[in-house]
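S.K.: give me the fold of what follows.
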Amino acid sequence: MMKGANKRGRNAVKVVEKTDEELELEELLFGKDIINDKSHREEEEVEILIDTAPTLSSDKVWHDEEDEDLEVDLTQTNRLKKLRKSDEEATVVTSDKFSNALKERFQTRKLDWAKVEDTQTKALTEDRGLDEDDLALLHQSNAMVIKTHSASAEKNKNAPRSKKAQRKVANYIDDTAAPYLPLPAGQINIKRLVNANIAEPSKQRITAVDFHPTGDLLLVAGEDKHMRFFKIDGEKNEKQLSVRLNDMSIQNAVFRKNSSGSEVLACGRKPFFYSYDTVSGNVAKIPGPAGRGVKSLEHLAVSPEGSLLAFRGASGYVHLCSGASKQWAMEVKMNTAVRSHCFLDEMTLATSGVDADVYIWDLRKTGRCVARFPHDDGTATSHLSAYSPSSTTNSYNSHYTLPKAYLSVGAESGVVSLFGADRDTQNGTYDFFNGTVDANRTVRSAPKQLKSLLNLTTQITSSVFHPSGQIAAIASNQKQNQLKLVHVPSMTVFTNWPTAQSPFQRVECMAFSPNTGGFFAVGNNTGKVLLYQIAHFGAA
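M.R.: Numbering: from 1, shown residues only. Prediction:
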(Lines give C-alpha, C1' and ligand atoms only; values in the text may rest on other atoms or scores of the structure.)
Protein backbone atom coordinates (compact mmCIF):
# COMPACT_ATOMS: atom_id res chain seq x y z
CA MET A 1 0.00 0.00 0.00
CA MET A 2 1.27 3.45 -0.86
CA LYS A 3 2.12 5.65 2.06
CA GLY A 4 0.14 8.79 2.66
CA ALA A 5 -2.92 7.50 0.80
CA ASN A 6 -5.06 7.94 3.87
CA LYS A 7 -4.42 11.68 3.82
CA ARG A 8 -5.80 12.32 0.35
CA GLY A 9 -8.52 11.06 -1.97
CA ARG A 10 -7.97 7.57 -3.40
CA ASN A 11 -9.68 4.95 -5.55
CA ALA A 12 -9.32 1.17 -5.05
CA VAL A 13 -8.70 -1.02 -8.11
CA LYS A 14 -8.77 -4.85 -8.00
CA VAL A 15 -6.40 -6.91 -10.14
CA VAL A 16 -8.23 -10.14 -10.98
CA GLU A 17 -6.68 -13.57 -11.65
CA LYS A 18 -5.25 -14.06 -15.14
CA THR A 19 -6.70 -16.54 -17.62
CA ASP A 20 -4.77 -19.52 -19.01
CA GLU A 21 -4.31 -17.79 -22.37
CA GLU A 22 -2.77 -14.77 -20.68
CA LEU A 23 -0.40 -16.97 -18.68
CA GLU A 24 0.74 -18.80 -21.82
CA LEU A 25 1.46 -15.52 -23.55
CA GLU A 26 3.45 -14.25 -20.57
CA GLU A 27 5.43 -17.50 -20.51
CA LEU A 28 6.42 -17.00 -24.15
CA LEU A 29 7.44 -13.39 -23.58
CA PHE A 30 9.06 -13.43 -20.13
CA GLY A 31 9.97 -17.05 -19.40
CA LYS A 32 8.59 -19.76 -17.20
CA ASP A 33 10.40 -18.83 -13.99
CA ILE A 34 8.77 -15.44 -13.71
CA ILE A 35 5.33 -16.77 -14.48
CA ASN A 36 5.54 -19.46 -11.79
CA ASP A 37 5.80 -16.76 -9.14
CA LYS A 38 2.43 -17.06 -7.35
CA SER A 39 2.48 -13.40 -6.30
CA HIS A 40 1.56 -12.49 -9.91
CA ARG A 41 -1.50 -14.76 -9.86
CA GLU A 42 -3.03 -13.94 -6.52
CA GLU A 43 -5.86 -11.44 -6.31
CA GLU A 44 -4.65 -8.33 -4.55
CA GLU A 45 -6.02 -4.85 -3.84
CA VAL A 46 -4.04 -1.86 -5.02
CA GLU A 47 -4.71 1.74 -3.97
CA ILE A 48 -4.06 4.55 -6.42
CA LEU A 49 -3.24 8.01 -5.05
CA ILE A 50 -5.38 10.84 -6.44
CA ASP A 51 -4.21 14.27 -5.38
CA THR A 52 -7.38 16.29 -5.03
CA ALA A 53 -5.60 19.36 -3.65
CA PRO A 54 -2.19 19.74 -5.32
CA THR A 55 0.27 22.06 -3.66
CA LEU A 56 2.34 24.70 -5.38
CA SER A 57 5.65 23.02 -4.50
CA SER A 58 4.71 19.65 -6.03
CA ASP A 59 3.15 20.91 -9.25
CA LYS A 60 5.13 23.99 -10.25
CA VAL A 61 8.22 23.65 -12.37
CA TRP A 62 9.54 26.92 -10.94
CA HIS A 63 9.13 27.77 -7.28
CA ASP A 64 9.59 31.35 -6.09
CA GLU A 65 10.08 31.67 -2.35
CA GLU A 66 8.66 35.20 -2.40
CA ASP A 67 5.26 33.80 -3.45
CA GLU A 68 4.92 32.20 -0.04
CA ASP A 69 4.96 35.65 1.58
CA LEU A 70 2.40 37.08 -0.86
CA GLU A 71 -1.00 37.95 0.63
CA VAL A 72 -4.14 39.08 -1.21
CA ASP A 73 -6.90 41.26 0.27
CA LEU A 74 -10.23 39.93 -1.06
CA THR A 75 -12.11 43.08 -0.07
CA GLN A 76 -10.23 45.40 -2.44
CA THR A 77 -12.55 44.99 -5.44
CA ASN A 78 -16.00 43.56 -6.11
CA ARG A 79 -14.52 40.82 -8.29
CA LEU A 80 -12.29 39.59 -5.47
CA LYS A 81 -15.18 39.67 -2.99
CA LYS A 82 -16.90 36.95 -5.00
CA LEU A 83 -14.10 34.51 -4.10
CA ARG A 84 -15.30 34.44 -0.49
CA LYS A 85 -17.92 31.79 0.17
CA SER A 86 -19.16 33.40 3.39
CA ASP A 87 -18.60 36.49 5.53
CA GLU A 88 -16.86 34.35 8.16
CA GLU A 89 -13.94 33.56 5.86
CA ALA A 90 -10.73 35.54 6.17
CA THR A 91 -10.45 38.70 4.10
CA VAL A 92 -6.67 38.32 3.59
CA VAL A 93 -5.45 35.00 2.16
CA THR A 94 -2.13 33.54 1.11
CA SER A 95 -1.10 32.99 -2.49
CA ASP A 96 -1.87 29.25 -2.22
CA LYS A 97 -5.43 29.81 -1.05
CA PHE A 98 -5.93 32.60 -3.58
CA SER A 99 -4.82 30.33 -6.44
CA ASN A 100 -7.10 27.50 -5.31
CA ALA A 101 -10.04 29.91 -4.94
CA LEU A 102 -9.55 31.12 -8.52
CA LYS A 103 -9.42 27.55 -9.84
CA GLU A 104 -12.56 26.61 -7.96
CA ARG A 105 -14.52 29.60 -9.26
CA PHE A 106 -13.47 29.62 -12.91
CA GLN A 107 -13.16 25.96 -13.73
CA THR A 108 -15.71 24.74 -16.29
CA ARG A 109 -19.10 24.30 -14.65
CA LYS A 110 -21.55 21.53 -15.32
CA LEU A 111 -24.70 23.16 -16.60
CA ASP A 112 -27.09 20.81 -14.83
CA TRP A 113 -29.40 23.73 -14.11
CA ALA A 114 -30.23 24.01 -17.81
CA LYS A 115 -31.78 20.57 -17.96
CA VAL A 116 -35.51 20.16 -17.49
CA GLU A 117 -36.28 18.00 -14.47
CA ASP A 118 -39.54 16.28 -13.82
CA THR A 119 -40.14 18.20 -10.62
CA GLN A 120 -43.67 16.92 -10.26
CA THR A 121 -42.56 13.27 -10.40
CA LYS A 122 -39.72 14.02 -7.97
CA ALA A 123 -42.13 15.59 -5.49
CA LEU A 124 -44.54 12.68 -5.74
CA THR A 125 -41.73 10.15 -5.27
CA GLU A 126 -40.03 11.82 -2.32
CA ASP A 127 -42.85 13.57 -0.48
CA ARG A 128 -45.87 11.40 -1.26
CA GLY A 129 -44.40 7.92 -1.07
CA LEU A 130 -45.30 6.70 -4.56
CA ASP A 131 -43.13 3.95 -5.99
CA GLU A 132 -42.39 3.13 -9.66
CA ASP A 133 -45.58 1.08 -10.12
CA ASP A 134 -47.67 3.93 -8.77
CA LEU A 135 -45.98 6.50 -11.01
CA ALA A 136 -46.41 4.33 -14.11
CA LEU A 137 -50.14 4.24 -13.47
CA LEU A 138 -50.18 7.92 -12.59
CA HIS A 139 -48.57 9.01 -15.88
CA GLN A 140 -51.37 7.40 -17.88
CA SER A 141 -53.60 10.29 -16.87
CA ASN A 142 -53.45 13.68 -18.57
CA ALA A 143 -55.06 15.69 -15.78
CA MET A 144 -53.41 15.49 -12.39
CA VAL A 145 -53.82 17.42 -9.16
CA ILE A 146 -52.12 16.61 -5.88
CA LYS A 147 -54.37 15.80 -2.96
CA THR A 148 -53.73 14.45 0.50
CA HIS A 149 -54.30 10.77 0.91
CA SER A 150 -53.74 10.21 4.61
CA ALA A 151 -57.44 9.47 5.19
CA SER A 152 -57.41 6.56 2.75
CA ALA A 153 -54.10 5.04 3.89
CA GLU A 154 -55.69 2.61 6.35
CA LYS A 155 -58.31 1.60 3.79
CA ASN A 156 -55.64 0.73 1.25
CA LYS A 157 -53.41 -1.14 3.70
CA ASN A 158 -54.93 -4.59 3.28
CA ALA A 159 -55.87 -4.29 -0.39
CA PRO A 160 -54.13 -6.34 -3.11
CA ARG A 161 -51.03 -4.75 -4.69
CA SER A 162 -52.72 -3.75 -7.96
CA LYS A 163 -55.82 -2.41 -6.20
CA LYS A 164 -53.68 -0.55 -3.68
CA ALA A 165 -51.69 1.20 -6.42
CA GLN A 166 -54.85 2.23 -8.26
CA ARG A 167 -56.45 3.65 -5.11
CA LYS A 168 -53.30 5.51 -4.10
CA VAL A 169 -52.92 7.08 -7.54
CA ALA A 170 -56.62 7.96 -7.61
CA ASN A 171 -55.98 10.33 -4.72
CA TYR A 172 -53.87 12.47 -7.07
CA ILE A 173 -56.17 12.46 -10.09
CA ASP A 174 -59.29 14.49 -10.56
CA ASP A 175 -60.43 15.04 -14.14
CA THR A 176 -62.91 17.72 -13.08
CA ALA A 177 -60.45 19.79 -11.06
CA ALA A 178 -57.81 22.23 -12.29
CA PRO A 179 -54.29 22.99 -11.02
CA TYR A 180 -55.14 26.70 -10.66
CA LEU A 181 -57.71 27.67 -8.06
CA PRO A 182 -59.88 30.69 -8.90
CA LEU A 183 -58.17 33.95 -7.97
CA PRO A 184 -60.45 36.46 -6.16
CA ALA A 185 -60.89 39.90 -7.69
CA GLY A 186 -60.37 43.21 -5.89
CA GLN A 187 -57.10 42.78 -3.99
CA ILE A 188 -54.08 40.58 -4.53
CA ASN A 189 -51.68 39.17 -1.94
CA ILE A 190 -48.25 39.92 -3.38
CA LYS A 191 -44.93 40.62 -1.68
CA ARG A 192 -41.58 41.87 -2.89
CA LEU A 193 -38.51 39.62 -2.68
CA VAL A 194 -34.86 40.47 -3.21
CA ASN A 195 -34.12 41.58 -6.76
CA ALA A 196 -33.80 38.73 -9.22
CA ASN A 197 -30.41 39.98 -10.46
CA ILE A 198 -29.09 41.18 -7.12
CA ALA A 199 -26.03 38.97 -7.57
CA GLU A 200 -25.00 41.03 -10.63
CA PRO A 201 -27.16 44.02 -11.60
CA SER A 202 -26.73 45.55 -15.02
CA LYS A 203 -25.48 49.10 -15.53
CA GLN A 204 -27.77 49.63 -18.51
CA ARG A 205 -31.42 49.12 -19.42
CA ILE A 206 -32.94 45.66 -19.05
CA THR A 207 -34.62 44.71 -22.31
CA ALA A 208 -35.75 41.10 -21.74
CA VAL A 209 -36.61 38.71 -18.92
CA ASP A 210 -37.81 35.15 -19.42
CA PHE A 211 -38.16 32.07 -17.22
CA HIS A 212 -36.84 28.65 -18.14
CA PRO A 213 -39.61 26.02 -18.52
CA THR A 214 -38.64 24.62 -15.10
CA GLY A 215 -39.53 27.95 -13.52
CA ASP A 216 -36.49 28.38 -11.27
CA LEU A 217 -34.03 29.80 -13.82
CA LEU A 218 -34.40 33.38 -15.05
CA LEU A 219 -32.82 34.82 -18.17
CA VAL A 220 -31.98 38.54 -17.95
CA ALA A 221 -30.69 40.42 -21.00
CA GLY A 222 -29.97 44.09 -21.62
CA GLU A 223 -28.24 46.75 -23.62
CA ASP A 224 -24.91 45.93 -21.97
CA LYS A 225 -24.66 42.97 -24.41
CA HIS A 226 -24.94 40.40 -21.60
CA MET A 227 -27.27 37.49 -21.04
CA ARG A 228 -27.26 36.49 -17.37
CA PHE A 229 -28.86 33.44 -15.82
CA PHE A 230 -30.05 33.42 -12.20
CA LYS A 231 -31.37 30.55 -10.12
CA ILE A 232 -34.47 32.06 -8.51
CA ASP A 233 -35.28 31.08 -4.94
CA GLY A 234 -36.48 34.45 -3.63
CA GLU A 235 -33.62 34.73 -1.14
CA LYS A 236 -30.18 34.66 -2.77
CA ASN A 237 -31.05 34.37 -6.47
CA GLU A 238 -27.55 33.17 -7.27
CA LYS A 239 -26.02 33.91 -10.64
CA GLN A 240 -25.32 30.77 -12.68
CA LEU A 241 -23.76 32.06 -15.86
CA SER A 242 -23.15 35.13 -17.99
CA VAL A 243 -22.76 35.30 -21.78
CA ARG A 244 -21.56 38.40 -23.61
CA LEU A 245 -22.31 39.08 -27.29
CA ASN A 246 -19.61 41.53 -28.33
CA ASP A 247 -21.17 42.75 -31.57
CA MET A 248 -24.81 43.20 -30.53
CA SER A 249 -26.73 45.20 -27.95
CA ILE A 250 -29.51 42.79 -26.94
CA GLN A 251 -33.04 44.09 -27.47
CA ASN A 252 -34.91 40.80 -27.09
CA ALA A 253 -34.06 37.38 -25.65
CA VAL A 254 -36.28 34.38 -25.00
CA PHE A 255 -36.13 30.66 -24.28
CA ARG A 256 -37.38 28.66 -27.24
CA LYS A 257 -39.85 26.19 -25.82
CA ASN A 258 -38.50 23.05 -27.51
CA SER A 259 -38.42 19.56 -26.04
CA SER A 260 -35.61 20.38 -23.62
CA GLY A 261 -36.07 24.13 -23.22
CA SER A 262 -32.34 24.51 -23.63
CA GLU A 263 -32.09 27.13 -26.41
CA VAL A 264 -31.97 30.89 -25.95
CA LEU A 265 -32.56 33.25 -28.88
CA ALA A 266 -31.06 36.75 -28.61
CA CYS A 267 -31.85 39.55 -31.06
CA GLY A 268 -30.86 43.16 -31.60
CA ARG A 269 -30.77 45.90 -34.20
CA LYS A 270 -28.73 43.70 -36.53
CA PRO A 271 -29.52 41.57 -39.62
CA PHE A 272 -28.57 38.47 -37.62
CA PHE A 273 -29.40 36.89 -34.27
CA TYR A 274 -27.81 34.44 -31.85
CA SER A 275 -28.75 30.98 -30.64
CA TYR A 276 -27.24 29.88 -27.33
CA ASP A 277 -27.43 26.27 -26.13
CA THR A 278 -27.47 26.38 -22.34
CA VAL A 279 -26.51 22.71 -22.01
CA SER A 280 -23.50 22.51 -24.34
CA GLY A 281 -22.56 26.20 -24.10
CA ASN A 282 -22.41 26.58 -27.89
CA VAL A 283 -23.22 29.97 -29.43
CA ALA A 284 -24.34 30.19 -33.07
CA LYS A 285 -24.59 33.38 -35.11
CA ILE A 286 -27.52 33.01 -37.49
CA PRO A 287 -28.21 35.34 -40.44
CA GLY A 288 -31.71 36.63 -41.07
CA PRO A 289 -33.98 35.48 -43.90
CA ALA A 290 -31.91 35.61 -47.07
CA GLY A 291 -32.98 38.01 -49.78
CA ARG A 292 -35.70 39.67 -47.66
CA GLY A 293 -33.86 42.89 -46.92
CA VAL A 294 -34.40 42.70 -43.17
CA LYS A 295 -31.97 45.11 -41.49
CA SER A 296 -33.11 44.57 -37.89
CA LEU A 297 -34.31 41.39 -36.18
CA GLU A 298 -34.94 42.92 -32.76
CA HIS A 299 -38.70 42.23 -32.81
CA LEU A 300 -39.14 38.48 -32.39
CA ALA A 301 -42.14 36.35 -31.42
CA VAL A 302 -41.82 32.61 -30.74
CA SER A 303 -44.77 30.22 -31.08
CA PRO A 304 -45.92 28.48 -27.85
CA GLU A 305 -44.28 25.16 -28.78
CA GLY A 306 -41.26 26.78 -30.44
CA SER A 307 -41.83 25.46 -33.97
CA LEU A 308 -42.02 28.93 -35.58
CA LEU A 309 -40.14 32.23 -35.23
CA ALA A 310 -41.77 35.46 -36.44
CA PHE A 311 -39.60 38.52 -37.17
CA ARG A 312 -41.12 41.92 -37.85
CA GLY A 313 -39.97 43.34 -41.18
CA ALA A 314 -40.50 46.56 -43.13
CA SER A 315 -43.45 47.65 -45.29
CA GLY A 316 -45.99 45.52 -43.43
CA TYR A 317 -44.12 42.21 -43.68
CA VAL A 318 -43.70 39.59 -40.97
CA HIS A 319 -41.15 36.89 -41.83
CA LEU A 320 -41.57 33.39 -40.39
CA CYS A 321 -38.76 30.88 -39.93
CA SER A 322 -38.58 27.32 -38.69
CA GLY A 323 -37.73 27.15 -35.01
CA ALA A 324 -35.57 24.06 -35.47
CA SER A 325 -33.64 24.86 -38.67
CA LYS A 326 -33.95 28.69 -38.55
CA GLN A 327 -34.68 28.64 -42.30
CA TRP A 328 -37.23 30.97 -43.89
CA ALA A 329 -40.67 29.35 -44.16
CA MET A 330 -43.17 32.01 -45.27
CA GLU A 331 -44.18 35.64 -44.86
CA VAL A 332 -47.38 37.60 -44.35
CA LYS A 333 -48.05 41.22 -45.31
CA MET A 334 -50.31 43.89 -43.84
CA ASN A 335 -51.46 47.04 -45.60
CA THR A 336 -49.52 49.28 -43.21
CA ALA A 337 -46.35 49.09 -41.14
CA VAL A 338 -46.33 46.43 -38.42
CA ARG A 339 -46.06 47.70 -34.85
CA SER A 340 -46.58 44.45 -32.96
CA HIS A 341 -47.23 40.74 -33.50
CA CYS A 342 -47.82 37.64 -31.38
CA PHE A 343 -48.93 34.01 -31.69
CA LEU A 344 -52.47 33.03 -30.65
CA ASP A 345 -51.54 29.36 -30.91
CA GLU A 346 -48.96 27.30 -32.77
CA MET A 347 -50.45 28.02 -36.21
CA THR A 348 -52.26 31.34 -35.74
CA LEU A 349 -50.55 34.74 -35.81
CA ALA A 350 -51.95 38.16 -34.86
CA THR A 351 -50.44 41.39 -36.21
CA SER A 352 -51.37 45.05 -35.92
CA GLY A 353 -49.96 48.44 -36.85
CA VAL A 354 -50.50 52.11 -37.45
CA ASP A 355 -53.97 51.66 -38.98
CA ALA A 356 -55.25 50.25 -35.63
CA ASP A 357 -56.54 47.11 -37.35
CA VAL A 358 -55.81 43.64 -36.02
CA TYR A 359 -55.02 40.92 -38.58
CA ILE A 360 -55.42 37.21 -37.86
CA TRP A 361 -53.32 34.84 -40.01
CA ASP A 362 -53.72 31.10 -40.55
CA LEU A 363 -50.19 29.64 -40.86
CA ARG A 364 -51.16 26.06 -41.60
CA LYS A 365 -50.72 26.51 -45.35
CA THR A 366 -49.57 29.76 -46.93
CA GLY A 367 -50.35 32.36 -44.26
CA ARG A 368 -53.81 33.48 -45.35
CA CYS A 369 -55.54 36.36 -43.53
CA VAL A 370 -58.73 34.99 -41.96
CA ALA A 371 -59.85 38.12 -40.13
CA ARG A 372 -59.27 41.85 -39.91
CA PHE A 373 -60.95 44.09 -37.37
CA PRO A 374 -60.30 47.39 -35.54
CA HIS A 375 -60.09 47.88 -31.79
CA ASP A 376 -62.32 50.45 -30.14
CA ASP A 377 -59.64 53.00 -29.26
CA GLY A 378 -58.74 53.77 -32.85
CA THR A 379 -55.15 54.90 -32.22
CA ALA A 380 -52.14 52.99 -33.54
CA THR A 381 -51.48 49.65 -31.92
CA SER A 382 -48.30 49.50 -29.87
CA HIS A 383 -48.32 46.01 -28.31
CA LEU A 384 -50.06 42.65 -28.68
CA SER A 385 -50.08 39.64 -26.36
CA ALA A 386 -52.20 36.50 -26.20
CA TYR A 387 -53.08 33.64 -23.88
CA SER A 388 -54.23 30.14 -24.84
CA PRO A 389 -54.61 27.63 -22.00
CA SER A 390 -52.96 24.23 -22.20
CA SER A 391 -54.95 21.02 -21.98
CA THR A 392 -54.28 20.72 -18.26
CA THR A 393 -55.83 24.09 -17.43
CA ASN A 394 -58.93 24.09 -19.63
CA SER A 395 -61.21 23.11 -16.75
CA TYR A 396 -60.26 26.21 -14.77
CA ASN A 397 -62.41 28.39 -16.99
CA SER A 398 -65.50 26.26 -16.39
CA HIS A 399 -65.94 28.26 -13.18
CA TYR A 400 -66.65 31.39 -15.27
CA THR A 401 -68.71 32.42 -18.26
CA LEU A 402 -65.75 34.17 -19.91
CA PRO A 403 -63.99 32.74 -23.00
CA LYS A 404 -61.05 30.43 -22.55
CA ALA A 405 -58.42 32.40 -24.51
CA TYR A 406 -57.60 36.10 -24.66
CA LEU A 407 -56.01 38.66 -26.96
CA SER A 408 -54.72 41.92 -25.50
CA VAL A 409 -54.37 44.91 -27.85
CA GLY A 410 -52.44 47.84 -26.38
CA ALA A 411 -52.61 51.24 -28.06
CA GLU A 412 -50.47 54.38 -28.13
CA SER A 413 -53.13 56.18 -26.09
CA GLY A 414 -52.69 53.74 -23.17
CA VAL A 415 -55.98 51.92 -23.77
CA VAL A 416 -55.90 48.12 -23.62
CA SER A 417 -58.64 46.22 -25.45
CA LEU A 418 -59.33 42.60 -24.43
CA PHE A 419 -60.86 40.13 -26.88
CA GLY A 420 -62.03 36.63 -25.99
CA ALA A 421 -62.13 33.25 -27.73
CA ASP A 422 -63.95 29.97 -27.22
CA ARG A 423 -62.39 26.60 -27.92
CA ASP A 424 -63.33 24.95 -31.21
CA THR A 425 -63.97 21.34 -30.23
CA GLN A 426 -63.61 20.11 -33.83
CA ASN A 427 -60.03 21.17 -34.53
CA GLY A 428 -58.82 22.09 -31.02
CA THR A 429 -58.07 25.74 -31.88
CA TYR A 430 -59.49 28.86 -30.27
CA ASP A 431 -62.21 30.67 -32.18
CA PHE A 432 -61.99 34.45 -31.68
CA PHE A 433 -65.01 34.85 -33.96
CA ASN A 434 -67.74 33.39 -31.73
CA GLY A 435 -68.36 30.35 -33.89
CA THR A 436 -68.83 32.28 -37.16
CA VAL A 437 -65.74 30.88 -38.92
CA ASP A 438 -66.65 28.09 -41.33
CA ALA A 439 -64.53 25.11 -42.31
CA ASN A 440 -62.68 27.18 -44.94
CA ARG A 441 -61.73 29.82 -42.32
CA THR A 442 -62.84 32.67 -44.56
CA VAL A 443 -62.62 36.28 -43.40
CA ARG A 444 -65.28 37.13 -40.82
CA SER A 445 -66.45 40.14 -38.84
CA ALA A 446 -64.77 41.42 -35.71
CA PRO A 447 -64.87 39.27 -32.56
CA LYS A 448 -66.59 40.51 -29.46
CA GLN A 449 -64.55 42.95 -27.42
CA LEU A 450 -64.80 42.08 -23.74
CA LYS A 451 -63.36 45.21 -22.14
CA SER A 452 -61.42 48.43 -22.72
CA LEU A 453 -59.05 49.19 -19.86
CA LEU A 454 -58.34 52.90 -19.36
CA ASN A 455 -55.99 52.69 -16.36
CA LEU A 456 -52.84 53.84 -18.17
CA THR A 457 -52.50 57.06 -20.14
CA THR A 458 -49.26 56.51 -22.07
CA GLN A 459 -48.28 54.14 -24.88
CA ILE A 460 -48.53 50.45 -23.93
CA THR A 461 -45.07 48.95 -24.44
CA SER A 462 -45.37 45.55 -22.73
CA SER A 463 -48.04 43.12 -21.61
CA VAL A 464 -48.03 39.50 -20.50
CA PHE A 465 -50.54 36.92 -19.27
CA HIS A 466 -50.18 34.71 -16.22
CA PRO A 467 -49.89 30.95 -17.03
CA SER A 468 -53.38 30.41 -15.58
CA GLY A 469 -54.89 33.24 -17.65
CA GLN A 470 -56.27 34.83 -14.48
CA ILE A 471 -53.89 37.83 -14.49
CA ALA A 472 -52.72 40.18 -17.23
CA ALA A 473 -49.87 42.61 -16.56
CA ILE A 474 -49.81 45.79 -18.66
CA ALA A 475 -47.12 48.48 -18.57
CA SER A 476 -45.68 51.54 -20.28
CA ASN A 477 -42.08 52.76 -20.28
CA GLN A 478 -43.03 56.30 -21.27
CA LYS A 479 -43.41 57.37 -17.62
CA GLN A 480 -42.22 56.02 -14.30
CA ASN A 481 -44.17 53.40 -12.35
CA GLN A 482 -46.70 52.71 -15.11
CA LEU A 483 -47.78 49.12 -14.39
CA LYS A 484 -51.13 47.51 -13.60
CA LEU A 485 -52.31 43.98 -12.88
CA VAL A 486 -55.69 43.03 -14.34
CA HIS A 487 -57.96 40.34 -12.90
CA VAL A 488 -59.01 38.78 -16.21
CA PRO A 489 -62.20 36.90 -15.20
CA SER A 490 -63.78 40.10 -13.83
CA MET A 491 -61.95 42.48 -16.22
CA THR A 492 -60.98 44.73 -13.31
CA VAL A 493 -57.67 46.08 -12.01
CA PHE A 494 -56.40 45.05 -8.58
CA THR A 495 -56.90 48.03 -6.28
CA ASN A 496 -54.23 47.43 -3.62
CA TRP A 497 -51.18 46.94 -5.86
CA PRO A 498 -49.05 48.50 -7.20
CA THR A 499 -48.79 51.18 -4.53
CA ALA A 500 -47.35 54.66 -4.74
CA GLN A 501 -44.15 53.30 -3.18
CA SER A 502 -43.60 50.53 -5.74
CA PRO A 503 -40.09 51.27 -7.13
CA PHE A 504 -40.64 50.22 -10.73
CA GLN A 505 -38.97 53.20 -12.40
CA ARG A 506 -39.59 52.76 -16.16
CA VAL A 507 -40.88 49.25 -16.80
CA GLU A 508 -39.16 47.69 -19.83
CA CYS A 509 -40.18 44.03 -19.66
CA MET A 510 -42.12 41.56 -17.48
CA ALA A 511 -42.48 37.79 -17.03
CA PHE A 512 -44.45 35.34 -14.91
CA SER A 513 -42.80 32.07 -13.92
CA PRO A 514 -44.26 28.99 -15.65
CA ASN A 515 -45.92 26.03 -13.96
CA THR A 516 -47.55 27.56 -10.85
CA GLY A 517 -46.74 31.15 -11.86
CA GLY A 518 -45.78 32.20 -8.34
CA PHE A 519 -42.98 34.61 -9.34
CA PHE A 520 -43.39 37.90 -11.20
CA ALA A 521 -40.24 39.60 -12.59
CA VAL A 522 -40.10 43.23 -13.73
CA GLY A 523 -37.08 44.63 -15.58
CA ASN A 524 -36.55 48.39 -15.62
CA ASN A 525 -34.37 51.10 -17.15
CA THR A 526 -31.92 51.19 -14.22
CA GLY A 527 -30.57 47.69 -14.80
CA LYS A 528 -32.55 46.00 -12.01
CA VAL A 529 -35.03 43.14 -12.14
CA LEU A 530 -37.60 43.43 -9.37
CA LEU A 531 -38.98 40.13 -8.12
CA TYR A 532 -42.39 39.54 -6.53
CA GLN A 533 -44.20 36.48 -5.22
CA ILE A 534 -47.97 36.02 -5.62
CA ALA A 535 -49.17 34.18 -2.51
CA HIS A 536 -52.18 32.62 -4.23
CA PHE A 537 -49.95 30.60 -6.57
CA GLY A 538 -47.04 29.89 -4.23
CA ALA A 539 -43.48 29.63 -5.53
CA ALA A 540 -42.44 28.60 -9.02
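S.K.: show me the helices in this protein, by range?
M.R.: 20-30, 32-35, 56-59, 78-81, 95-106, 119-127, 132-138, 153-157, 161-170 (DSSP state H).
S.K.: pretty sure Ala266 sits against Met248.
M.R.: Yes - contact status for Ala266 versus Met248: in contact at 7.3 Å, counting by CB atoms under 8 Å. Every residue, glycine included, has its C-beta placed from N, CA and C.
S.K.: between the two, which contacts overlap?
M.R.: Tyr274 (CB atoms under 8 Å, 6 or more residues apart in numbering).
S.K.: so which of those two has more stuff around it?
M.R.: The neighbour comparison of Ala266 against Met248 (other CB atoms under 10 Å) goes to Ala266, with 25 against 19.
S.K.: how close does the more buried one sit to Leu530?
M.R.: 22 Å (CB to CB, to the nearest Å).
S.K.: cool, Val243 as well?
M.R.: For Val243 relative to Leu530 (CB to CB), the value is 23 Å.
S.K.: can you check Ser452 too?
M.R.: 28 Å.
S.K.: those two - which one has more neighbours?
M.R.: Leu530 (24 against 15).
S.K.: who are the contact partners of the spatially closest residue to the more buried one that is not a sequence neighbour?
M.R.: Distance criterion CB to CB, 6 or more residues apart in numbering; nearest residue to Leu530, sequence neighbours excluded, is Val522 at 4.5 Å. Val522 sits next to 209, 475, 483, 504, 507, 509-510, 529-532 when contact means CB under 8 Å, 6+ apart.
S.K.: what's the most distant pair in the residues you listed?
M.R.: By the measure CB to CB, Ala475 and Leu531 form the most distant pair in the contacts of Val522, at 15.6 Å.
S.K.: more neighbours: which of the two?
M.R.: Higher neighbour count among Ala475 and Leu531: Ala475, with 27 against 23, using other CB under 10 Å.
S.K.: beta partners for that one?
M.R.: Ser462, Leu483 (DSSP bridges).
S.K.: model confidence score at it, please.
M.R.: Predicted confidence (pLDDT) for Ala475: 98.
S.K.: residues contacting Gly288?
M.R.: Taking CB under 8 Å, 6+ apart, one finds 271-273, 294, 297, 311, 319 in contact with Gly288.
S.K.: as JSON lines, those residues with pLDDT, neighbour count and distance to Glu24 would be great.
M.R.: Compiled in JSON lines, the contacts of Gly288 are given as follows (pLDDT from 0 to 100; neighbours: other CB atoms under 10 Å; distance: CB to CB, whole Å):
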{"residue": "Pro271", "pLDDT": "94", "neighbour count": "13", "distance to Glu24": "70"}
{"residue": "Phe272", "pLDDT": "94", "neighbour count": "14", "distance to Glu24": "65"}
{"residue": "Phe273", "pLDDT": "96", "neighbour count": "26", "distance to Glu24": "65"}
{"residue": "Val294", "pLDDT": "89", "neighbour count": "19", "distance to Glu24": "73"}
{"residue": "Leu297", "pLDDT": "94", "neighbour count": "28", "distance to Glu24": "70"}
{"residue": "Phe311", "pLDDT": "96", "neighbour count": "24", "distance to Glu24": "71"}
{"residue": "His319", "pLDDT": "95", "neighbour count": "20", "distance to Glu24": "72"}
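S.K.: keep only those of those that are in strands.
M.R.: Among these, the ones falling in strands (DSSP state E) are 272-273, 311, 319.
S.K.: where along the stretch 251-400 of the chain do the strands fall?
M.R.: 263-268, 272-277, 283-287, 300-302, 308-312, 317-322, 328-333, 338-345, 348-353, 357-362, 368-374, 381-387 (DSSP state E, counting those that start in this stretch).
S.K.: can you tell me which of these the model trusts least?
M.R.: Among the strands of the stretch 251-400 of the chain, strand 368-374 scores lowest, at a mean of 87.
S.K.: report all helices and strands that it contacts.
M.R.: strand 357-362 (3 or more CB pairs under 8 Å, 6 or more residues apart in numbering; DSSP states H and E).
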